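Undergrad: build the 3D model from these lines:
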Amino acid sequence: MYLLAIDTATNAGGVALSRNREVVALVTSKKPLRYSDRIVPMLDFVLSLEDIQLREVGCLAVAAGPGSFTGTRIGVAAAKALGQATGIPAVGISTLEALAYRHRRWERPLAIMIDARRQQVYGAAYHPGERLECLVAPGVSRPEAFLKRLGSGDFLFAGDGALCYRGAVQAAYPGARVLEGDNRLLEALCELGYQRYARGQAAPVGQLRANYVRPPDVELNHSLTQSS
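TA: Model (predicted):
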């Protein structure tokens, strides 16, 4: 079964194609502002590498946020357009969960921090393994507030938010390890998407929803204006 994974919610997004859990084609972009221009060419490219047509894809897996508001919207909209045109079902997967799954083989609890800008992070914590257990629910806050929510524990930190606020992490957890690397999720999206498809959790794309966690900037600005 072919699965097509789409991530435009992070700053290391792109498109991947897997066949029976094995990633067979992948293309990434380090220019999030170009996702709207590049999503269709990237989709065409990975399909061409396997010489297949879109109708041969059995499931879509999309990074549903949290992350860039515009980027998340682009990815979800692209998946909906593809699914509506072909009838291919889809699964929406949390960016925080997918990033934790990428590091699932570590034996320490995973604290995932994605830079949310405005001196905030999207954060969550998970017990590692093939079936991740959520220890701290996803949310958005200042890094110090997220670290306080974690409580005590021997956490391993991952994500560009952990790198950006390494000082705050190590002040709260002296000697804590912060993993180097970007926010790439595509391989994890392929695996998690396949698992959910196999469990019968894929659904018509009309049910696909973005998880922004916080309102978009335009709503926040309107709220601030109204309260001032």
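Undergrad: so what would you say the end-to-end distance of stretch 124-133 is?
TA: Stretch 124-133 has its terminal residues 11 Å apart, counting by CA to CA, to the nearest Å.
Undergrad: could I get the average pLDDT for it?
TA: For stretch 124-133, mean pLDDT is 95.
Undergrad: which outside residues touch it?
TA: 94, 96-97, 100-101, 103-112, 134-139, 150, 155 (CB atoms under 8 Å, 6 or more residues apart in numbering). (C-beta placed from N, C-alpha, C; glycine too.)
Undergrad: cutoff 6 Å now
TA: 96, 100, 104, 106, 109-112, 134-136, 138, 150 (CB atoms under 6 Å, 6 or more residues apart in numbering).
Undergrad: between which two of those is the distance greatest?
TA: Trp106 and Pro138 (19.4 Å; CB to CB).
Undergrad: on that earlier part again, please, a PyMOL command that selects the buried ones among the contacts of stretch 124-133?
TA: Selection of buried members from the contacts of stretch 124-133 for PyMOL, criterion 16 or more other CB atoms under 10 Å:
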select buried, resi 96+100+104+109+110+111+112+135+136+138+150
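Undergrad: can I get the contacts of stretch 124-133 in JSON lines including secondary structure and distance to Tyr173?
TA: Converted to JSON lines, the contacts of stretch 124-133 look like this (DSSP: H, G, I helix; E, B strand; the rest coil; distance: CB to CB, whole Å):
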{"residue": "Leu96", "secondary structure": "helix", "distance to Tyr173": "19"}
{"residue": "Ala100", "secondary structure": "helix", "distance to Tyr173": "17"}
{"residue": "Arg104", "secondary structure": "coil", "distance to Tyr173": "21"}
{"residue": "Trp106", "secondary structure": "coil", "distance to Tyr173": "15"}
{"residue": "Pro109", "secondary structure": "coil", "distance to Tyr173": "11"}
{"residue": "Leu110", "secondary structure": "strand", "distance to Tyr173": "13"}
{"residue": "Ala111", "secondary structure": "strand", "distance to Tyr173": "9"}
{"residue": "Ile112", "secondary structure": "strand", "distance to Tyr173": "14"}
{"residue": "Cys134", "secondary structure": "strand", "distance to Tyr173": "20"}
{"residue": "Leu135", "secondary structure": "strand", "distance to Tyr173": "15"}
{"residue": "Val136", "secondary structure": "strand", "distance to Tyr173": "14"}
{"residue": "Pro138", "secondary structure": "strand", "distance to Tyr173": "20"}
{"residue": "Leu150", "secondary structure": "helix", "distance to Tyr173": "8"}
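Undergrad: quick one: the contacts of stretch 124-133 as CSV, columns for distance to Leu54 too.
TA: Supplementary listing: the contacts of stretch 124-133 in CSV, determined by distance: CB to CB, whole Å:
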residue, distance to Leu54
Leu96, 29
Ala100, 30
Arg104, 30
Trp106, 36
Pro109, 39
Leu110, 34
Ala111, 38
Ile112, 32
Cys134, 33
Leu135, 38
Val136, 38
Pro138, 31
Leu150, 42
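Undergrad: next structured bit after the longest helix along the chain?
TA: Across the chain, the longest stretch assigned as helix under DSSP state H is helix 69-86. The helix or strand immediately downstream of helix 69-86 is strand 90-93, counting by DSSP states H and E.
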